[in-house]
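>>> Give the three-dimensional model of this entry:
(chains A and B)
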Amino acid sequence: MPVDLAREIDVFEGQIELKKQGRIEDKLFAETRLRRGAYGQRYDNGQRHDGITHRSLSFPTQATKGTETLWDGPGMQRIKIPFGGLNPDQMDVLADVAEEYSDAICHITTRQDVQLHYVHIEDTPDVMRRLASAGITTREACGNTVRNVTACPLAGVCRCEAFDTTPYAKAMAYHLLGHTDTQDMGRKFKVAFSGCKTSSCGLTNIHDLGFIAKTWQSNGAIRRGFEVVIGGGLGAVPYDAQLFDATVPEEEILPLAQAVCRVFARLGEKRNRGRARMKFLIEKLGLDEFRRLVIEERKVLPPDPRWTDYLKDVERYREVPARPASNLDLANPDPQFEPWRATNVYAQRQPGYVVATVTLPLGDITSWQMRQLADVARKYVGDNVRTTVEQNLILRWVPEAELPGLYAELKRLDLALEGAGKIEDVVACPGTDTCKLGIAASRGLAAEVHERMVKRQKNGGIEPAVRDLHIKMSGCFNSCGQHHLADIGFYGVSRKIGGATVPHFRVLMGGEWENNGATYGLTIGAVPSKRIPEFIDHVTQRYLAERQQDERFKDYVARIGKKALKQMVDAFSSVPAYAVDRSLYSDWRDPREFTTSDITTGECAGEVVLQVEFDLQAAEQRNFEAQVHLEQGEFQKADEVAYQSMLIAARGLVRTQMWDLSDDPDRIAAEFKTRFYDTQLFQSPDAGQYAGGKFALYLLNRHADKDRQFAADKARHLVEEAQLFIEAAYSCQQRMSEQQARAKVSFGLPAAAEATI
Amino acid sequence: MDLHRLGIKFFAADADGIDILKLIPIYHRWIQQSALDDMLIDVADYSHVPAGPGVMLIAHEGNYALDETGHERGILYYSKHRLAGELPERFATVARKALRAAELMSGDAELEGALKLPGDRLRLFANDRLVAPNTGEAYAEIEPALKSFLDRLYAGAPYTLEREPDPKERLSVRVQAEGEVALKTLLERLS
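Residues are numbered from 1 along each chain as shown, chains lettered A, B, ... in the order given. You can find the predicted model right below:
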């Protein structure tokens, strides 16, 4: 396991211990665990409506791990899979941890992550260690951070890409991971790479920062670079990404991303969670001003060799197939093979190789299947497996002649489902199954629609024009199911009918999955959840009957207009009285009488925690480690670690004024002295408490002691002093926050203006 | 061996005809009625996954399912927290929980008697590769406790054991006893 990953997990385990001792407040611990991918899950507040009444879940302890989250409430563990890239060893580990700590299901998300549900917080360090041993991190999978960097799953084998974006996506993911410039953002930040403009795989249009590959001639040579778009995003109100720069050379993409993150962190909204994504900042400032600020920021970034180091390997980057290329020339006797091949196989641009899609119903695969699939991958494709945003897995570099053998093996694993990317391959977020924000059962509905479509395809087939449609659904307006991009999209809402609550889905039509998700669907109206399948049947039949020649669904929707679409929806909007038909008053695959009372505060937005608060927490953690060294009689180590803990706290304070402070102890001590000791900012005005700058001298004196003679007593004293220094740093930070708040009130600034100070 | 993540699956006979979606309302009713000793939290529907965990009942202490792994349906329970007692008693604890759920489910009117659990076939597994990997050494270490538990369950009657050979899979053993035994009898032996 890489040392830095191991260290990170040790620190997180230490934070769990500190939380259990009551030494970290809820808000800080919540954001800390979110930044490790440990997310809340429905009912973890200890309350659940069982269909008759609200029930308190009597967990063994009443301790908390967030403001409304009980310690014992099982949660979701999100696991980042940069650009969706997986190898068989990683698949094995994912399968094992899902089996042992979750419910034996790996769930592939719409952003190429893997999620495990019903995981206990105390098991998360073991989960993380086992994943880290295979090179997987959960760091910054949630919270106000740079989320998983996604990319076309076909990158490198695609027939229409400009070039393989994989090494760029990988470099971006690891450059921004844990970077100091990405730690102080008010909201999450999503990055995507696409190899071309026309396909849908990268979905750059819905991302905060999107890179679309392009090449051009310069001085007789072919240059690589990207068209860069910014400020896209779905959510309740979807925004199209806007063109930031039509041509950014490859060597500029990492510093550009860093500069964008800095501007977003500095000026983005931190209080109003609903307006904190970068798209709102761009709207507020205007694209030109935002661009100007980013360009200015880029100019002052401290140079970093990592910006270009990776480029040396980009040209050489090659995936290694497990077997030589070969062409398929024999007919397969299995009658199910050709239908599967027609929908699930893509011919790579490399002759003799194909990509095979493993269709996963609702993105779910069992641990046993995942382990077996890992062996199949070893045999046929080696390390070349990826997750997709359509919640499937793909095997790349399959020799075409090996397809029948591969198909037979997939069939043995119940993984040879045809229809990848077709109407039956319904995409859905977790919805009310596990999400705290879910309004309606998106997975229940998705499973129902999926099974009906699969059945229909088996019994005579679905007309090709209909089968090519995309259906996507979300449990609420937050769009995790990417419903805006579907031909027919749905998101969960509720309606009061005669005093009872009825689950509904709002219908969107005419979204465009192609062209990187170029067009968002029109919202038409709401249909009761239980009537959605018949509504889909009606809409698709109307489309078949009324389409002109080869008219696409999107064009059909645009042609007939919103009024006609509304009539279609309205025809299905009626709900019989409760006494007549109770079935509409519960949701798909959940017989409880429907209620929205289980919705609680979501954790998508994370908690706004300033970077200095994380730094002080890290200092405290380091001091805790010093105490452990002390207990073990390691006096020199204890002394050194206690000193480091003070440096971490001091650096945190200085960075509130001087962001680009390095890790150099001399520089930290000098800046701390100038900015906090000499100015008396570190000293409390309250008599007695942290007075006289005495505690500041603990750091300054220790720093000046270059020829320190280590001794047990000195180490013990220093550990105590470091603890007091950290407490004083907390007090200082608190005073600064209060002063800032008072200053804002006295100036009478509106909330929206605060972030620009 | 400090092994607490343990599981057991009692295989059903001729259960393929059961509409697994019928379990969803049954589990919700169990939650309403606190029908099991565990603290029941929620229902997880994986009926769309072929040969998967079917429909699960999630409890704080562990997970219940009419599991379909290997296309063999059976009542599954596995623990997710520490169990009391020595290893044979821990096996007995997970078995009691599975049997209690099996008794309730097989008697549920919704299933109209379609779920039959002969009690003579089961799989026991260690759901913890860190503590008990699927090796000969680990098996040798738990074997005495395993046999002690099975002797108690089957009251000294003979049974055969078949270990899972794939080292990537969990340490598990398939047990075949001689002749059917009523769930009630098995429960009484473990009480």
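>>> got the buried residues for the longest helix belonging to chain B?
Counting residues, the longest helix found in chain B (DSSP state H) is helix B:87-106. Buried residues in helix B:87-106, counted by 16 or more other CB atoms under 10 Å in any protein chain shown: B:87-88, B:90-106. For the C-beta atoms, the positions are set from N, CA and C on the backbone; glycine is no exception.
>>> Report the backbone C-alpha coordinates of that helix in PDB.
In PDB, the C-alpha atoms belonging to helix B:87-106 read as follows (Å, rounded to 0.1, in the frame of the first residue of the first chain):
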ATOM      1  CA  LEU B  87     -16.900 -19.800  18.600                       C
ATOM      2  CA  PRO B  88     -19.300 -22.800  18.700                       C
ATOM      3  CA  GLU B  89     -21.800 -20.500  20.500                       C
ATOM      4  CA  ARG B  90     -21.300 -17.800  17.900                       C
ATOM      5  CA  PHE B  91     -22.200 -20.300  15.200                       C
ATOM      6  CA  ALA B  92     -25.200 -21.300  17.200                       C
ATOM      7  CA  THR B  93     -26.200 -17.600  17.500                       C
ATOM      8  CA  VAL B  94     -26.300 -17.000  13.800                       C
ATOM      9  CA  ALA B  95     -28.000 -20.300  13.200                       C
ATOM     10  CA  ARG B  96     -30.800 -19.400  15.700                       C
ATOM     11  CA  LYS B  97     -31.400 -16.100  14.000                       C
ATOM     12  CA  ALA B  98     -31.600 -17.800  10.600                       C
ATOM     13  CA  LEU B  99     -33.900 -20.500  11.900                       C
ATOM     14  CA  ARG B 100     -36.200 -18.100  13.600                       C
ATOM     15  CA  ALA B 101     -36.500 -16.100  10.300                       C
ATOM     16  CA  ALA B 102     -36.900 -19.400   8.400                       C
ATOM     17  CA  GLU B 103     -39.700 -20.500  10.700                       C
ATOM     18  CA  LEU B 104     -41.500 -17.200  10.400                       C
ATOM     19  CA  MET B 105     -41.100 -17.100   6.600                       C
ATOM     20  CA  SER B 106     -42.100 -20.700   5.900                       C
END
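>>> Quick one: residues contacting residue A:234.
Going by CB atoms under 8 Å, 6 or more residues apart in numbering or on different chains, residue A:234 touches A:206, A:478, A:479, A:482, A:484.
>>> cutoff 10 Å now
Residues in contact with residue A:234 (CB atoms under 10 Å, 6 or more residues apart in numbering or on different chains) are A:110, A:190, A:203, A:205-207, A:277, A:279, A:474, A:477-485, A:517, A:520.
>>> Would you list the phi and psi of it?
With angles defined as degrees, to the nearest 10, residue A:234 sits at phi -90, psi -110.
>>> Distance check, it against chain B.
Remark: distance between residue A:234 and chain B (CB to the nearest CB, to the nearest Å) = 25 Å.
>>> the helices in the stretch 151-300 of chain A, which residues?
For the stretch 151-300 of chain A, the helices defined by DSSP state H, counting those that start in this stretch occupy A:166-176, A:253-267, A:278-285, A:287-300.
>>> typo on my end, it should be chain B
Ranges of helices within chain B are B:23-33, B:87-106, B:136-153, B:183-190, based on DSSP H.
>>> ok, now the stretch 301-450 of chain A?
Under DSSP H, counting those that start in this stretch, the stretch 301-450 of chain A gives helices at A:306-309, A:311-314, A:337-344, A:367-380, A:403-412, A:442-458.
>>> Check which element follows the last one along the chain.
It refers to helix A:442-458. Next helix or strand after helix A:442-458 toward the C-terminus (DSSP states H and E): helix A:464-467.
>>> buried sites along that following helix?
For helix A:464-467, the neighbour count (16+ other CB under 10 Å) marks A:465, A:466, A:467 as buried.
>>> and it, what's its mean pLDDT?
Averaged across helix A:464-467, pLDDT comes to 97.
>>> Could you give the residue of chain B that lies closest to chain A?
Residue of chain B nearest chain A, by CB to the nearest CB: residue B:50 (3.7 Å).
>>> What are the neighbouring residues in contact with that residue?
If you count contacts by CB under 10 Å, 6+ apart, then residue B:50 has A:361, A:366, A:369, A:413, A:414, A:415, A:416, A:417, B:68, B:71 around it.
>>> mind checking pLDDT for the first one?
On pLDDT, residue A:361 comes in at 98.
>>> Skipping its backbone neighbours, what lies nearest it in space?
Setting aside the residues directly before and after it, residue A:361 is nearest to residue B:48 in space (CB to CB, 6 or more residues apart in numbering or on different chains), at 4.3 Å.
>>> Would you check that that neighbour makes contact with residue A:362?
Yes: judged on CB atoms under 10 Å, residue B:48 makes contact with residue A:362 at a distance of 5.8 Å.
>>> Residues that sit against both of the two, list them.
Common contacts of residue B:48 and residue A:362 (CB under 10 Å, 6+ apart): A:426, A:443, A:444, A:446, A:447, A:450.
>>> Please report how far the fourth one lies from chain B.
Spelled out, it's residue A:446. The gap separating residue A:446 from chain B is 8 Å, by CB to the nearest CB.
>>> Near residue A:272, how many other residues are there?
Residues near residue A:272, counting by other CB atoms under 10 Å in any protein chain shown, number 13.
>>> So which residues on the stretch 451-600 of chain A come close to chain B?
Neighbours of chain B within the stretch 451-600 of chain A, by CB under 10 Å from any CB of the partner chain: A:451, A:454, A:586, A:588, A:589, A:590, A:591, A:592.
>>> do that again at 8 Å, thanks
Contact residues, the stretch 451-600 of chain A versus chain B (CB under 8 Å from any CB of the partner chain): A:451, A:589, A:590, A:591, A:592.
>>> Tell me the most packed of those residues, by neighbour count.
Counting neighbours by other CB under 10 Å, residue A:590 leads these with 23 neighbours.
>>> If we go by neighbour counts, what in stretch A:76-95 is buried?
Buried residues in stretch A:76-95, counted by 16+ other CB under 10 Å: A:76-88, A:90-95.
>>> right, is it up against chain B?
Yes: shown here: stretch A:76-95 in contact with chain B (CB under 8 Å from any CB) through residue A:92.
>>> mind checking the end-to-end distance for that stretch?
For stretch A:76-95, the first and last residues are 15 Å from each other (CA to CA, to the nearest Å).
>>> count of neighbours near residue A:202?
Neighbours of residue A:202 (other CB under 10 Å): 30.
>>> close enough to count as contact, it and residue A:154?
No: shown here, residue A:202 and residue A:154 do not form a contact pair, counting by CB atoms under 8 Å, at 9.7 Å.
>>> ok, back up a step: of all the helices of the stretch 151-300 of chain A, which one comes closest to chain B?
helix A:166-176 (27.6 Å).
>>> Sweet, I'm off.
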